[in-house]
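A.B. asks: Based on what follows, work out the 3D shape:
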Amino acid sequence: MIIRGGRSQSDGSDADSSAPNANGGRTVKLHRRSHRKSRRGCSNCKKARKKCDEVQPTCSNCVRRQLDCDLVHSPTPDAGNSADQFHRSPGVRSGSLRSELMTPGSQASPQSQASACQIPSAILSYEDMEFLHHFSTDSDIGVGDSSEGKRLWQIHMPKIGFAHPFALHLILAFSALHLAQQHPNRRDHLIAEAGRHHTIGLSGTTDALRNLHSGNSSAVYISAMFASFCDLAFGPQTGEYLAFNDRGTEAKWFTFLKGVRSIMESGIPYSFPSATDEGTTANDSSPEFKLRYHPAYTEPFRTLRNYILYTTTANYTAVSTYMDAFELLKDTFDSVYAGLRNPQCENAHFSVLIFRWLYLISDDLAARLQKKERVALIIFAHFAVLFREMESFWFTQGWPTHILHGVYNHLEESDRVHIQWPVDELSLGTSVGIAHEAPNSTPDNYTQQNAGSEFLSSCPVGNGG
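C.D. replies: Residues are numbered from 1 along each chain as shown. Below is the predicted model of the structure:
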């Protein structure tokens, strides 16, 4: 291409970079610098007329603007295009490593291959490798009592994730949230990355739930468990109180718990990692997480029982629902604090016993909590005292007091006297006149407003709860 007087024409030759023109001057041949053109950018960037960096599954512009990016559904770049193989992504100091996250054919069963194909190809950056390394090496991230339990948590769980990528994404999200606690200067970025992996993992888990079978049931179970842990780890969120919310809809965290329950009740075989899976013997003789409180609950529970009977005597359905929940909660307190356990829970860790109450409450009580009926809320306030023990784990910190503030704000003034004992136990004040809480909510760079709704609709067993 030759430039003459602002006009260009082809000289038909590439032999010389310059040549004299008719006026004795010289022309200069200009070569356009090669660059990669792409029409694969997401629709949001196209509408905003912004350059899309095409980082899958969510481009940087959509992460920054908190938009749903449709790039994840775009065709994957050609394998031969080296420019697509390595590129930079936000917050990564070096290049990003692109991985299809597919189980090697020589080791994968047809079930695990189908499971792996249920989510789009994903990009794992070097920072994601940091998340995986942190999950596998940090001694404080898991919930195991013993060294064997932690080893199972940190070795066996990633193995399941390698066979079922949706589970791996939720593991990475959980690890990123733990790192966010340890590195305040990176907190917002790490929470955004956790949100990205959380979204991908939930999408894949939802797809797997629609085709639940013995080959993926264990991975789906673990994914639902990590999804619930992540929802707690994002921190207490304005208007969300674990089992109810300000909006009167089903609480997000309950959605994940129902997912676990639906898998367990589906009749499809599943297994959870045990010490024997790694050739070790469980040893709980030296637990690292011990009970921190020993509340005197006998008299408060007697008072609560009398209140339930007095308030709901005229309504058989209500009194049956509330008394069942009360007896189950009383049994859980006895199991945790008095060592009075039934044979099924004889060797269970206290965290399992605490979550068991939430798992076993009836659909009717869950609905009454959703409606914020006063007796249901008062029972739940007493559960907050038990849930306080879970603050031994980093991902539940702040939730018990957050729950109690939520209950308090939704009770009439005349009913607040019935949560005096929980208020005293959680040291929220000398009287029930506790102040309205200023929640420690998740930063604005990741929102979970509708997280889990599609997940719940895919559960194979109704709306158990």
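
A.B. asks: could you dump the lengthiest helix in the chain to PDB, C-alpha only?
C.D. replies: Ordering each helix of the chain by length in residues (DSSP state H) puts helix 187-210 first. In PDB, the C-alpha atoms belonging to helix 187-210 read as follows (Å, rounded to 0.1, in the frame of the first residue of the first chain):
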ATOM      1  CA  ARG A 187     -11.000  -8.000  50.000                       C
ATOM      2  CA  ASP A 188     -13.300  -6.400  47.400                       C
ATOM      3  CA  HIS A 189     -11.500  -8.100  44.500                       C
ATOM      4  CA  LEU A 190     -11.500 -11.500  46.200                       C
ATOM      5  CA  ILE A 191     -15.200 -11.300  47.000                       C
ATOM      6  CA  ALA A 192     -15.900 -10.400  43.400                       C
ATOM      7  CA  GLU A 193     -13.900 -13.500  42.300                       C
ATOM      8  CA  ALA A 194     -15.700 -15.600  44.800                       C
ATOM      9  CA  GLY A 195     -19.000 -14.300  43.400                       C
ATOM     10  CA  ARG A 196     -17.900 -15.300  39.900                       C
ATOM     11  CA  HIS A 197     -17.000 -18.900  40.900                       C
ATOM     12  CA  HIS A 198     -20.100 -19.100  43.100                       C
ATOM     13  CA  THR A 199     -22.300 -18.200  40.100                       C
ATOM     14  CA  ILE A 200     -20.600 -20.700  37.700                       C
ATOM     15  CA  GLY A 201     -20.800 -23.400  40.400                       C
ATOM     16  CA  LEU A 202     -24.500 -22.900  41.100                       C
ATOM     17  CA  SER A 203     -25.300 -22.900  37.400                       C
ATOM     18  CA  GLY A 204     -23.500 -26.200  36.900                       C
ATOM     19  CA  THR A 205     -25.000 -27.700  40.100                       C
ATOM     20  CA  THR A 206     -28.500 -26.700  38.900                       C
ATOM     21  CA  ASP A 207     -27.900 -28.500  35.600                       C
ATOM     22  CA  ALA A 208     -26.600 -31.600  37.400                       C
ATOM     23  CA  LEU A 209     -29.700 -31.600  39.700                       C
ATOM     24  CA  ARG A 210     -31.900 -31.800  36.600                       C
END
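
A.B. asks: Could I get the buried residue list for it?
C.D. replies: Using 16 or more other CB atoms under 10 Å as the test for burial, helix 187-210 gives 187, 189-209. No exception for glycine: its C-beta is placed from N, CA and C like everyone else's.

A.B. asks: wait, residue 354 sits on residue 389?
C.D. replies: Yes - assessed by CB atoms under 8 Å, residue 354 is found in contact with residue 389 at 6.5 Å.

A.B. asks: Can you get me a residue count around residue 374?
C.D. replies: Residue 374 has 17 neighbours, counted by other CB atoms under 10 Å.

A.B. asks: Setting the sequence-adjacent residues aside, check what's closest to it.
C.D. replies: Residue nearest to residue 374 in three dimensions, not counting chain neighbours: residue 415, with 5.0 Å by CB to CB, 6 or more residues apart in numbering.

A.B. asks: Quick check: the one you found vs residue 403, distance?
C.D. replies: Residue 415 sits at a distance of 16 Å from residue 403 (criterion: CB to CB, to the nearest Å).

A.B. asks: More neighbours: the two, which one.
C.D. replies: For residue 415 versus residue 403, neighbours defined as other CB under 10 Å are more numerous around residue 403 (25 against 18).

A.B. asks: Give the other helices and strands that the longest helix of the chain contacts.
C.D. replies: Contact analysis of helix 187-210 by 3 or more CB pairs under 8 Å, 6 or more residues apart in numbering; DSSP states H and E lists helix 126-137, helix 165-182, helix 217-233, helix 453-457 as its packing neighbours.

A.B. asks: how about the ones you listed, which one is nearest residue 55?
C.D. replies: Judged by CB to CB, the one of the helices and strands packed on helix 187-210 that comes nearest to residue 55 is helix 126-137, at 11.9 Å.
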